[in-house]
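# One predicted model, sequence on top.
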Protein chains: 2
Amino acid sequence: MTDIATRVYNHTWKIDPIVRSVLDTDFYKLLMGQMIFRRHRDVQVAFGIHNRTSRVRLAEIIDDGALREQLDHVRSLSLSRGESTWLRGNMFYGKRQMFAPDYLAWLENFRFPAYHLEKRDGQYELIFEGPWIETTMWEVPALAVINELRSRAVLKGLGRFELQVLYARAMTRVWEKIEFLKSLGPVNLADFGTRRRHGFLWQDWCVQALSEGLGPTFLGTSNCLIAMRREVEATGTNAHELPMVYAALAQDDAALAAAPYEVLADWQQEYDGNLRIILPDTYGSTGFLAHAPDWVAGWTGIRIDSKDPLEGGEEAIAWWTARGQNPQEKLAIFSDGLDADEVARIHARFKGRMRLGFGWGTLLTNDFRGLASDGVLDPISIVCKVISANGRPAVKLSDNPTKAMGPPDQIARYRRVFEVGAQAERRVVV
Amino acid sequence: MTDIATRVYNHTWKIDPIVRSVLDTDFYKLLMGQMIFRRHRDVQVAFGIHNRTSRVRLAEIIDDGALREQLDHVRSLSLSRGESTWLRGNMFYGKRQMFAPDYLAWLENFRFPAYHLEKRDGQYELIFEGPWIETTMWEVPALAVINELRSRAVLKGLGRFELQVLYARAMTRVWEKIEFLKSLGPVNLADFGTRRRHGFLWQDWCVQALSEGLGPTFLGTSNCLIAMRREVEATGTNAHELPMVYAALAQDDAALAAAPYEVLADWQQEYDGNLRIILPDTYGSTGFLAHAPDWVAGWTGIRIDSKDPLEGGEEAIAWWTARGQNPQEKLAIFSDGLDADEVARIHARFKGRMRLGFGWGTLLTNDFRGLASDGVLDPISIVCKVISANGRPAVKLSDNPTKAMGPPDQIARYRRVFEVGAQAERRVVV
């Protein structure tokens, strides 16, 4: 029997919304949001979308009316009572009351701010300007909307069984990866794939498959909504936007050089334990570690996000050792374009030498490579990054010059201030 | 939203019935049934199940209570009004009123007769005794019930995602075969997989996938219920049980030698066109063709079912040519343990030399090989064959001695009467 009510409910929607909840975002947005709320409520930050896979001409694939409808729908969202209850009552990283009542009161009243959208050279220019605490919230839903609209545009032409087999193939692929990962022994792994996911339902499926397949070594998902609904851990710490904004606001070179450590000094006043994870690569990991104060070496771990992961891991071990720390008690989280084979390679190298965690993103939730002709469902490398803070340009260098962003003169200045030497280019797949 | 009514309806069933309709059977059963109804209503025929894959100990896998429940459920079925309407009104093989009103009136009143079930040496002995017109109807549902109960017994222990991925893998496999077949150019192919199917829903899926994937070169399904519901052609002609019963009833060796041709003489009074397909292998194809009267060569085609298909096809071409027929106007239907690669091999050899048709059975609807550990979902070679007619033993020789059945002395006699020489053994996979 068809449930007529469900059918009618579905076909009376004006659109089929992609993002249906304020919590359909990454957990680190809320952690960073709380710090921004307490310390930087007045900072104005512009974020912008950038599609690094420029051969995929998004503005020719995605209808701009449909994109506006989806973004407008996001703007209509607000935190529901149950969602607020979950944030107040749930335990995150082993701790209750992770979020203070004043921040949650702010979040309950939060509405996504206006966006600026236009087409340029076959791509979308999508910019969010306003208070940092508000614009930061756009990063994940904006990317999820664009990625899913692209999937939908491609899928529109497929037959019913073609669709079913497409998902059967994708499911088989994910499951084979999970079986492979299981064969490695305990691998601690979390879903980091919200922003680049093929679609919400697909990410939700992947999380459930990981949960059934990996059991206790599945650490959870960065997606708050899925974590809440599926009763798994919400995971994540912080991102490049913190040092990028702190750096942009620095009044001189000395302040600029100190900015990344200032982020950590602020962060450790907010959070402890497994949330104290260094993200060293914004302006070059090697320099960051060399100049870091000793208390940074006392943190729980490090995230290795743009350097060759084996090099980055060895560098971290050497650094901790030099600073009198025991690497075996430290946690290294790898999160750069991972796939199952890369997880295996890293795991084999560092097993027993550090505690390991893997944040598996795009190639978990959007590995449709080769499943549609001409690769039209292959994932793209699209980001939403800080452009400026209080009108001053923001810069990212990273360990991989392919990922650098900002005005060329500022990039040159940052390279000088942070003493960044020659860097190896690494191809960015996703 | 969950449709509560559907949920409640489902959980109030005493069992989940496998066969839910008299029409969930192969079309040839009805064609043969009509001939039996007109000509042999008083013949008593015993059918029995035989599992040629003896290493699979069915009686240890399938609960006998569950088997009885399913068989009893089949006994409760009767033709529905809509099903009767379809048989009366539908066009089969381009012809209306394929079935006469008196046969349909009989079918409307038909109920499946009693069965005899016991366990012996780890297998089920399942025997149907009574009027041929009734016992013949058990062949397909009995096999479908046993095969699906075996699948269910294996699947019981799987998790939700394991199940989903199992079917995702199986779907991917079927679809890849369909894509491969499409790449060969037009291949006329029908589903013959009812009896050995993994399950009813799975067969139904396979038929729909073939229909969407192959388009007009998909000839249809042998399954009447699926043909009716999915509005595709019902296909099939006749089976070994006809010559086996005619032969068993023969009073002497001369009558025995004539029996297979008597079947065809009767058949052509009932049916014409594409239903006039010789099935020559019951007592050896070579002898059958050598001794066949010339009118047999005038029939539309031949089914090649137990000989090496390339040999069998060449033999048919040579025979038609010798009898002054044009093989290019003839239809050869291949149906023995086919899989996509075998279809390709046969198609490559005979394309343009004969009209070709493929009856794809077990390896379409039950190719779960390797999808469960230890091959516990791999299909088995199980048949339901005539044991005796009016108390006289039935015999099958076939072109493959592995498939011969009957009492040894009778097999020897049949081999002598039908002048069967040395035969090549071919491994029976399914």
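Here it is on my side, so go on. Residues are numbered from 1 along each chain as shown, chains lettered A, B, ... in the order given.

# continuing past the one helix or strand A:Ile146 maps to, what's the next helix or strand?
Under the assignment given by DSSP states H and E, the secondary-structure element containing A:Ile146 is helix A:139-155. Following the chain from helix A:139-155 toward its C-terminal end, the next helix or strand by DSSP H and E is helix A:160-183.

# Please verify my assumption that A:Met354 contacts A:Pro327.
Yes - judged on Cβ atoms under 8 Å, A:Met354 makes contact with A:Pro327 at a distance of 5.1 Å. All C-beta spots, glycine's among them, are computed from the backbone N, C-alpha and C.

# and whatever residue of the stretch 301-430 of chain A ends up closest to chain B, what does it touch?
With Cβ to the nearest Cβ as the measure, A:Leu371 is the residue of the stretch 301-430 of chain A nearest to chain B, at 10.4 Å. Taking Cβ atoms under 8 Å, 6 or more residues apart in numbering or on different chains, we find A:Leu371 in contact with A:Leu166, A:Arg169, A:Ala170, A:Leu377.

# could you redo the last one with a cut-off of 10 Å?
Contacts for A:Leu371 (Cβ atoms under 10 Å, 6 or more residues apart in numbering or on different chains) come out as A:Val165, A:Leu166, A:Tyr167, A:Arg169, A:Ala170, A:Arg173, A:His198, A:Leu377, A:Asp378.

# still on that earlier bit, who's more crowded, A:Met354 and A:Pro327?
A side-by-side neighbour count of A:Met354 and A:Pro327, using other Cβ atoms under 10 Å in any protein chain shown, places A:Met354 first with 21 against 18.

# tell me the pLDDT at that one?
Model confidence at A:Met354, expressed as pLDDT, equals 98.

# how close does it sit to B:Val245?
A:Met354 sits at a distance of 76 Å from B:Val245 (criterion: Cβ to Cβ, to the nearest Å).

# Check A:Ala248 too.
Summarising the geometry, the distance separating A:Ala248 from B:Val245, computed by Cβ to Cβ, is 91 Å.

# Which element, helix or strand, includes A:Cys384?
With elements taken from DSSP H and E, the one containing A:Cys384 is strand A:382-389.

# Can you give the strand pairings for that strand, parallel or anti for each?
strand A:44-51 (antiparallel), strand A:392-393 (antiparallel) (DSSP bridges).

# Mind listing residues that contact the helix or strand of chain A with the lowest mean pLDDT?
Least confident element among the helices and strands of chain A, by mean pLDDT, DSSP states H and E: helix A:4-11 (a mean of 81). Contact partners of helix A:4-11, identified using Cβ under 10 Å, 6+ apart, comprise A:Asp3, A:Asp16, B:Met1, B:Thr2, B:Asp3.

# Quick check: phi and psi on the last one?
Think B:Asp3. Recorded main-chain torsions at B:Asp3 are phi -80, psi 100, according to degrees, to the nearest 10.

# Shouldn't A:Met35 be within a helix?
Yes - secondary structure of A:Met35 (DSSP: H, G, I helix; E, B strand; the rest coil): part of a helix.

# residues contacting it?
Taking Cβ under 10 Å, 6+ apart as the criterion, A:Met35 is in contact with A:Tyr103, A:Ile133, A:Asn238, A:Leu242, A:Val263, A:Asp266, A:Trp267, A:Gln269, A:Glu270, A:Tyr271.

# List the residues that contact the last one.
In other words, A:Tyr271. Shown here is A:Tyr271, whose contacts under the criterion Cβ under 10 Å, 6+ apart are A:Leu31, A:Gln34, A:Met35, A:Phe92, A:Tyr93, A:Lys95, A:Met98, A:Thr237, A:Asn238, A:Ile277.

# if we can go back for a sec, among the contacts of A:Leu371, which one sits closest to A:Asp339?
For the contacts of A:Leu371, the minimum distance to A:Asp339 (Cβ to Cβ) is 10.5 Å, reached by A:Arg173.

# I'd assumed A:Trp202 was in contact with that closest one.
No - because the distance of 11.8 Å does not satisfy Cβ atoms under 10 Å, A:Arg173 is recorded as not touching A:Trp202.

# Give me the common contacts of those two.
Contact with both A:Arg173 and A:Trp202 is made by residues A:Phe368, according to Cβ under 10 Å, 6+ apart.

# tell me how far stretch A:85-100 is from the chain's mean position?
21 Å (Cα atoms, centre = their mean, to the nearest Å).

# With stretch A:108-126 instead?
That offset, for stretch A:108-126, works out to 18 Å (Cα atoms, centre = their mean).

# Show me which residues of that stretch are buried.
A:Phe110, A:Phe112, A:Tyr115, A:Leu117, A:Gln123, A:Tyr124, A:Leu126 (16 or more other Cβ atoms under 10 Å in any protein chain shown).

# The fourth one against A:Ala66, yeah?
Spelled out, it's A:Leu117. No - using Cβ under 10 Å, A:Leu117 is not in contact with A:Ala66; the gap is 11.8 Å.

# Quick one: mean pLDDT for stretch A:377-385?
Stretch A:377-385 carries an average pLDDT of 97.

# Could you export it as PDB, CA atoms only?
Output of stretch A:377-385 as PDB, limited to C-alpha atoms (Å, rounded to 0.1, in the frame of the first residue of the first chain):
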ATOM      1  CA  LEU A 377      29.600  12.500 -10.900                       C
ATOM      2  CA  ASP A 378      33.200  12.600  -9.900                       C
ATOM      3  CA  PRO A 379      33.700  14.800  -6.800                       C
ATOM      4  CA  ILE A 380      35.200  18.300  -7.200                       C
ATOM      5  CA  SER A 381      37.600  20.200  -5.000                       C
ATOM      6  CA  ILE A 382      35.400  23.000  -3.800                       C
ATOM      7  CA  VAL A 383      36.000  25.100  -0.700                       C
ATOM      8  CA  CYS A 384      34.400  28.000   1.200                       C
ATOM      9  CA  LYS A 385      37.200  30.100   2.600                       C
END
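
# circling back to that earlier point, so the residue of the stretch 301-430 of chain A closest to chain B: helix, strand or coil?
Looking at A:Leu371 with three-state DSSP, the answer is coil.

# Model confidence for it, exactly?
On pLDDT, A:Leu371 comes in at 96.

# Same check on A:Val429?
A:Val429 carries a pLDDT value of 79.

# same question, A:Gly199
Turning to A:Gly199, the model gives it a pLDDT of 97.

# ok, and the closest non-adjacent residue to it?
The shortest distance from A:Gly199 to any residue that is not its chain neighbour, by Cβ to Cβ, 6 or more residues apart in numbering or on different chains, is 4.7 Å, and that residue is A:Glu148.

# hmm, which of the contacts of A:Tyr271 are the buried ones?
By neighbour count, with 16+ other Cβ under 10 Å, the contacts of A:Tyr271 hold A:Leu31, A:Gln34, A:Met35, A:Phe92, A:Tyr93, A:Met98, A:Thr237, A:Asn238, A:Ile277 as buried.

# got a markdown table for these, with pLDDT too?
Shown next, in a markdown table, are those (pLDDT from 0 to 100):
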| residue | pLDDT |
| --- | --- |
| A:Leu31 | 98 |
| A:Gln34 | 98 |
| A:Met35 | 98 |
| A:Phe92 | 96 |
| A:Tyr93 | 95 |
| A:Met98 | 96 |
| A:Thr237 | 96 |
| A:Asn238 | 96 |
| A:Ile277 | 97 |
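
# from those, which ones fall inside strands?
Within those, residues falling in strands by DSSP state E are A:Ile277.

# Show me which pair in the buried ones among the contacts of A:Tyr271 is furthest apart.
Maximum pairwise distance in the buried ones among the contacts of A:Tyr271, criterion Cβ to Cβ, is 16.1 Å, between A:Gln34 and A:Ile277.

# Flag every residue of the stretch 151-300 of chain A that's near chain B.
Taking Cβ under 10 Å from any Cβ of the partner chain as the criterion, the stretch 151-300 of chain A approaches chain B at residues A:159-162, A:164-176, A:178-179, A:205, A:208-213.

# Name the SS class of A:Leu71, please.
Three-state assignment for A:Leu71 (three-state DSSP): helix.

# residues contacting it?
Under the criterion of Cβ under 10 Å, 6+ apart, the neighbours of A:Leu71 are A:18-19, A:112, A:114-115, A:117, A:126, A:128, A:138, A:141-142, A:145-146.
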